[in-house]
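>>> Fold the following for me, if possible:
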Amino acid sequence: MDAPDIDVSETDAGASDAGTPDSDASDAGVPDSATPGDPDASGDSATPDTAAASFEPLTVTYERLRHTDDVAELHEYARRPLPDRSLQAAFSRATALLEAVAGNQHTPLEDRVFLATEMPFPNILVKLSEDPEPQVRRGVAANQDDKNWLVGRLTKDPDPSVRDAALRNPRTSWKMRLEGAQNPEVDADTLDFLSTLGVSCEPGAPAVLAGMVRRAVALNPQASRETLQRLSADASPSVARCAQRRLEAEQTGESN
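So this is what the prediction gives:
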């Protein structure tokens, strides 16, 4: 019986693909593996030599994205969905490249705000916490995936809106909350928020620490009359006394 005809080219291509599973798996979903001009971007099969020539090492791509002024490319990387976490190599590469995008001032402002608000990765958030634009830092300050030390650092930010966002973040430490409640530069709205800790906000908070924060609010000259009136009936006697004294002092000043 004659042997069936075999298409040699298909057999060779299959053998080539089967022999390089690691490179195929690591490239799947990697942000810079399908750039214009790459053979893989058009869907054509690439030979090992072509694939090796088109693959850009992570450090090279990182530095290019860190310094490029190609706004369209930076925008595309910022908004590109991340690979699944199960693809560990691809996922790690993608998040590393997002750090470069986050640190490039040519990345559109709205994309930097998006990354500051949505990303949970410390390496990206640290970059964005140093952004010259307050609204980017404010996005980081409000991000509840922050590490508490990063939020704590932003409670000292020179921009009031960034400080206030950080003080409202539940990731902020009690030490930072206390310092914020004592700061006369903190606005009345944020002080009002801090005055609810351990009561209507975070009712399960440590009673002593929450009481210290509320007492500091009662002593803060920026606390509003409404906040002081509420604190004058606080369950903590020391908080209530401080608020009552402030109200009495204000009434005395007004009568004079």
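>>> Now do the strands in the chain.
For the chain, no strands are identified by DSSP state E.
>>> quick check: longest helix of it.
Determined from DSSP state H, the single longest helix within the chain is helix 237-255.
>>> Quick one: list the elements packing against it.
helix 207-219, helix 225-231 (3 or more Cβ pairs under 8 Å, 6 or more residues apart in numbering; DSSP states H and E). Bear in mind the C-beta positions are built from the backbone N, C-alpha and C, glycine included.
>>> any residues touching the last one, and which ones?
In this case it means helix 225-231. Helix 225-231 is contacted from outside by 188, 191-192, 195, 214, 217-218, 223, 239-240, 242-243, 246-247, 250, using Cβ atoms under 8 Å, 6 or more residues apart in numbering.
>>> in it, what counts as buried?
Judged by neighbour count using 16 or more other Cβ atoms under 10 Å, the buried positions of helix 225-231 are 227, 228, 230, 231.
>>> same thing with stretch 101-109?
101, 102, 103, 104, 107.
>>> ditto for stretch 158-167
Applying 16+ other Cβ under 10 Å to stretch 158-167 flags 162, 163, 164, 165, 166, 167 as buried.
>>> So the third one sits against residue 188, correct?
Translated: residue 164. No - in this structure residue 164 lies outside contact range of residue 188 using Cβ atoms under 8 Å: 10.5 Å.
>>> Give me the contact list for the longest helix of the chain.
Contacts of helix 237-255 (Cβ under 8 Å, 6+ apart): 211, 214-215, 218-219, 223, 225, 228-234.
>>> May I see these arranged in CSV, with distance to residue 202 as well?
Shown next, in CSV, are the contacts of helix 237-255 (distance: Cβ to Cβ, whole Å):
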residue, distance to residue 202
211, 12
214, 12
215, 16
218, 18
219, 21
223, 19
225, 24
228, 21
229, 21
230, 16
231, 16
232, 21
233, 19
234, 15
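>>> Redo those residues as CSV? Include distance to residue 181 and pLDDT.
As requested, these are exported to CSV (distance: Cβ to Cβ, whole Å; pLDDT from 0 to 100):
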residue, distance to residue 181, pLDDT
211, 11, 97
214, 8, 98
215, 8, 98
218, 9, 98
219, 8, 97
223, 9, 97
225, 17, 96
228, 13, 97
229, 17, 97
230, 15, 97
231, 11, 98
232, 17, 97
233, 18, 97
234, 14, 97
